[in-house]
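Peer 1: Next comes the sequence, and after it the predicted model I'd like to discuss.
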Number of protein chains: 2
Amino acid sequence: MPYGYHGKILHVDLTTGKLEVEEPNETFYRKYMGGSAMGVYYLLKNTPPGADPLGPENTLSLMTGVVTGAPFSGQSRVTATAKSPVTDLVGDSQSGGFWPAELKGAGFDGIVIHGQAEKPVYLWLHDGEAELRDAAHLWGKFTADVEDAIRQELDDKRIRVLQCGPAGEQGVLFGALISDANRANGRTGMGAVMASKNLKAVAVRGRNRPKSANPDTVKAVAKWGADNFEDSDIYEMGLDGTAGIAFSQSEGGGLPTRNWSSGIFEGAEAISGQRMSKTILKERDTCFGCVVRCKRVVEVTEGPFLVDPRYGGPEYETIATMGSYCGVSDLAAVALANQLCNMYGMDTISCGATVAWAMDCFEQGLITTEQTDGIELRFGNAGALVQMVELIGKREGFGRVLGEGSARAAEKLGVGQDLVVAVKKHELPAHMPQVKRSLALIYAVNPFGADHQSHEHDPSYRWYPDRMAELDLMDPQPEDVLNAEKVRYALYNQYLYSCMDSVSVCQFVFGSAWQLYGPSHLVDAVRGVTGWNVSLWELLKVGERRLNLLRAFNAREGTGAEVDTVPPKLLVPLQGGASDGVAVTAEEVETAKALYYQMAGWDENGCPTRAKLEELALGWLADALAV
Amino acid sequence: MPYGYHGKILHVDLTTGKLEVEEPNETFYRKYMGGSAMGVYYLLKNTPPGADPLGPENTLSLMTGVVTGAPFSGQSRVTATAKSPVTDLVGDSQSGGFWPAELKGAGFDGIVIHGQAEKPVYLWLHDGEAELRDAAHLWGKFTADVEDAIRQELDDKRIRVLQCGPAGEQGVLFGALISDANRANGRTGMGAVMASKNLKAVAVRGRNRPKSANPDTVKAVAKWGADNFEDSDIYEMGLDGTAGIAFSQSEGGGLPTRNWSSGIFEGAEAISGQRMSKTILKERDTCFGCVVRCKRVVEVTEGPFLVDPRYGGPEYETIATMGSYCGVSDLAAVALANQLCNMYGMDTISCGATVAWAMDCFEQGLITTEQTDGIELRFGNAGALVQMVELIGKREGFGRVLGEGSARAAEKLGVGQDLVVAVKKHELPAHMPQVKRSLALIYAVNPFGADHQSHEHDPSYRWYPDRMAELDLMDPQPEDVLNAEKVRYALYNQYLYSCMDSVSVCQFVFGSAWQLYGPSHLVDAVRGVTGWNVSLWELLKVGERRLNLLRAFNAREGTGAEVDTVPPKLLVPLQGGASDGVAVTAEEVETAKALYYQMAGWDENGCPTRAKLEELALGWLADALAV
């Protein structure tokens, strides 16, 4: 296996301290490709049903994919997979940056972390070598400080560090994994899982870049990207970052505002990516080998909210959850909240959305300053936002409650259950099903809770007919319908995005719509690196396989259709702007869900059937599930 | 729609004499591609359930595909679709030659024939013009004579003629369509349907070759084919024709012999393609623009069986059905039987297999010379074979009985029902499920009866891993198992072959295994001609769509799982050679069938569900079926 991947998976047993290298065969790589599909494979193989997400039986995988580190944009990605402490179901989260390509350079495609260490350790991988080292001195430290300390003690400034933060250590359920102090595998609490294992960090360094089987094909992919970049829609995202869409989202009535009561935010321009570019942006950052440079580095040196550029800058999701969700239009405050999340290691979406939920409760008098440590938790109160985020990071005071996420907080406090905007206890990201109707379906059915990166959003169906046709989608539907055609649109796109999370490529660079590269480029990229004559059929089947693996995990936990729901807030008409009066209906979701299950080859409870698993060459899983 | 296809479908209403041109939009072409998918689309739209296959309500389509006439091998193909008088279910049959490319050159992608003419007519298409002409003088004539007559009266020697023959006119149910007097849309009785409409022939002529959208891509496909042809497995088929496999089939115990009692034939070498090349082969013929030249032209000028080269030469299927099925090892007799089928317009498979069935009955004393007009219908009696084939063509004497096919003949005579080797009354072609186990499944479930061109046969799974992997098939299985992996192998290959019958390409030139081109070349070919950025996903979905359309037709006729069976003969152990003692079991077929239905997204009766039809963008069909 000379190409594209080293073929080495490192198994780390923290309980025994044993390190073992597995070298799976080529068929295994071609079936799973890496990333999320491989991660959930190891989770299913190693973690028994009913395991405590924060106990030693949980299995945490950090997986790159077959193209990681290759010389084209969008390939430096890593997926973290484990049972989630947020959802108590399968957990799954992606991130970019430099760590993924560096892991590959260090000689490993991925790491499977088993057990639990007695005391804090960190993992040091370099040039094919692996070592567990003491991390007692790093425990409780902010992410940038941990990174500095590791680089110093190993005497290499180019070491890349992926770590949990103090929040995860303290048991904040939505604790994230942070690399380079400014990238997050944010969702589903993967940082909390890593912390629970007493594993502080994974430091990597290596120069062993994978070779491509067909360098000319890879070069052609890179060249096409370079040639077409400036004319592509992604170019603009590079200029103003992902937050560049905040204003237009609001204009279209699709920017979640004040805990999803409205789709329009009067402060949208003030927190927009365009405004950021003109004000606090210090520089544009990138992931390994990418032309897009969508990452922000922001700095604020005066005023009440000082922001350190070391911690990067806010993405659109953060701008929304810390901004419009909370009614906060102070960009510096939002940037500081983002910094705090990166320092403490927290998911900005769950964190911001949970604060927004608490603000909604506060505004409605369901909670008071008695509970909030005296903080006036009102919509628009920027100072309160920042204070509360820090309390959550420290797991102190009311932050202790909110660190469980909005669903558990509502349960604990006994208030505001109908104000929780989450699926499977996983807070909704900042794209609104009210104006992009297929999101209602995908938020409901996605195995690891509401997610905005699991398919292509509705407007693309009309705007990018040529790329959609490659997925056999040729009957564009309007944004506000959730009919049968939209269900197949969602499903086929889900297969593609599921595949991209396994091949491990960025969904801004590769996709089925406005992205730099379309589905056929993904085929070319995988072909070029691996030398396999892969087809889009095969890649979409990888995506479908991964989706079924995720669903199978949840089925094994005894859950089914009953957890595939939308929060009641979505059924309440929105107020103001382009989406005034618009609501999702429970009926349309249930109808679409039933059809979606059938199209996916699942039973009426949403569980994969034996036939579907056999069709995906997952007979072993059908046996394991006893379906 | 400037590229690859003219976008013109000619509707001919024979009842009224009205000719109309339909120009479907681009989406329609991209969803159906042509060939079989388009043919069954028009059948479902135009023919009501319960229609008489030989009545005016039947709709006969002759469809080329989007790549027909392009400058690479394997593209000159036409599918005939109608309700079949053989199966009383959907009928479907492909052929190559020059007629398909010429039809395209005449300005039409396909023809949909409605109604029934009062008296014999033929259709004359040239340079975008269409005309119905009197055919009274052509009725009852042999195919070559009809061709000569039409060329003469229209004064153009380069006219291509596709026609029914005297057999179809007489009501032989397995009447074929013949073009160039030596190519057949042989199966499922499409010639009988055309004759029943009083349409004698479709004569075409035109120089309007379609342009390719991306000529460089098309050239690259052609060049790759030319460069790799001599090193490919198809090269040998070019040398000795399809009959080149006859001897090795027998060696492997897979040459159906004496009505499927054995898989080994002592006369295999005598009727082999290699022997043909050394003896009666006059020249090698080709289809339009193809490098392979697998077609045979044979001539016999002395002895009891004189053969006219005008009628081409026998394919492997004919060699087997007229040869080993009947125990006949006289190559000249087999070649003459082939000629008679081409003269009279009959399917060589159904014809030969029906004679073999009758011989089996005769040998067992179930029928005697009293019924057979005095003919000693014994296995190995070459003269009897030739006599009987001619009687069937004339529909005279015992030929009148056998012209109904083996299943109806057994019913009529009340004997030999368990000796009938047919599915859905459609006689089995010469590939044995006993030694290639997935054929048992596909023979059983294929909508238009037993067919050998509906998927790739079992040995390829082990021998061509690289191409199979493009279909996501990566766990090769032995030939003698019909397990879950083999079921998905059959299904995915069926999607590909179903697509090829819609794009309209030859299954010797394109395929997933030993063919010149693999799946990715098919993608390139369609891209080059049409300019659409098609993917293999999309093409396989076209294949799946066509398969579901075919199944839906049968479901609309009220049939389901009960017609998806294997004949009892397959359950009887074979005698002699490599397959001595081998039999298919009813249990393995039923198990595989149930799994196959589920994988295909059909109900337990084998009928497409609404969800599956919706998934394939066939909501209109779900509505029409009221599922």
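Peer 2: Thanks, I have the structure now.

Peer 1: Going by C-alpha atoms from here, please, whenever you check contacts or count neighbours.
Peer 2: Fine.

Peer 1: distance between the ends of stretch A:410-430?
Peer 2: Taking Cα to Cα, to the nearest Å, the first and last residues of stretch A:410-430 lie 21 Å apart.

Peer 1: again, but for stretch A:415-426
Peer 2: Start-to-end, stretch A:415-426 (Cα to Cα) is 18 Å.

Peer 1: ok, residues contacting it?
Peer 2: Contacts to stretch A:415-426, defined as Cα atoms under 8 Å, 6 or more residues apart in numbering or on different chains, come from residues A:86-87, A:188, A:259-260, A:350, A:353, A:357, A:360-361, A:366-367, A:405-408, A:410-411, A:427-428, A:443-444, A:448-450, A:563-570.

Peer 1: Report the mean per-residue pLDDT for that stretch.
Peer 2: Throughout stretch A:415-426, pLDDT has a mean value of 98.

Peer 1: roughly how far is it from the heart of the chain?
Peer 2: A distance of 19 Å separates the centroid of the chain from that of stretch A:415-426, by Cα atoms, centre = their mean, to the nearest Å.

Peer 1: Who's the closest spatial neighbour of the residue in the stretch 351-500 of chain A that chain B sits nearest to, skipping the chain neighbours?
Peer 2: When Cα to the nearest Cα is the measure, the stretch 351-500 of chain A has its nearest residue to chain B at A:D472, with 4.9 Å between them. Taking Cα to Cα, 6 or more residues apart in numbering or on different chains, and ignoring the residues beside it in sequence, A:D472 has B:E538 as its nearest neighbour in space, at 4.9 Å.

Peer 1: tell me, how many neighbours does that neighbour end up with?
Peer 2: Other residues near B:E538 come to 22 when the count uses other Cα atoms under 10 Å in any protein chain shown.

Peer 1: Which helix or strand contains the residue of the stretch 351-500 of chain A closest to chain B?
Peer 2: No secondary structure element spans A:D472, as it lies outside all helices and strands (assigned by DSSP states H and E).

Peer 1: again, but for A:V297
Peer 2: With elements taken from DSSP H and E, the one containing A:V297 is strand A:295-298.

Peer 1: Check which element follows that strand along the chain.
Peer 2: Following strand A:295-298 in sequence, per DSSP H and E, is helix A:316-318.

Peer 1: what helices or strands is that following helix leaning on?
Peer 2: Here helix A:316-318 touches helix A:348-363, going by 3 or more Cα pairs under 8 Å, 6 or more residues apart in numbering or on different chains; DSSP states H and E.

Peer 1: that's a strand at A:E102, yeah?
Peer 2: No: A:E102 is assigned helix when assessed by DSSP: H, G, I helix; E, B strand; the rest coil, not a strand.

Peer 1: Nearest residue to the middle of chain A?
Peer 2: Within chain A, the residue whose C-alpha comes closest to the C-alpha centroid is A:S93; the distance, by Cα atoms, centre = their mean, is 4.0 Å.

Peer 1: so when I look at that residue, I'm seeing a helix, right?
Peer 2: No: with three-state DSSP as the criterion, A:S93 is located in strand rather than a helix.

Peer 1: can you tell me which residues contact it?
Peer 2: By Cα under 8 Å, 6+ apart, the contact list for A:S93 reads A:79-81, A:185-188, A:190.

Peer 1: quick one: which of those has the most company?
Peer 2: Comparing those by number of neighbours (other Cα under 10 Å), A:M190 comes first, having 38 neighbours.

Peer 1: Validate this expectation: A:L162 resides in a strand.
Peer 2: Yes: secondary structure assignment (three-state DSSP) places A:L162 inside a strand.

Peer 1: Which residue, other than its chain neighbours, is closest to it?
Peer 2: Distances taken as Cα to Cα, 6+ apart place A:S179 nearest to A:L162, at 4.1 Å, with adjacent residues excluded.

Peer 1: mind checking how far the residue of the stretch 451-600 of chain A found nearest chain B is from A:I113?
Peer 2: Per Cα to the nearest Cα, A:W537 is where the stretch 451-600 of chain A lies closest to chain B, at 4.1 Å. In this view, A:W537 and A:I113 are 32 Å apart by Cα to Cα.

Peer 1: Perfect, that will be all.
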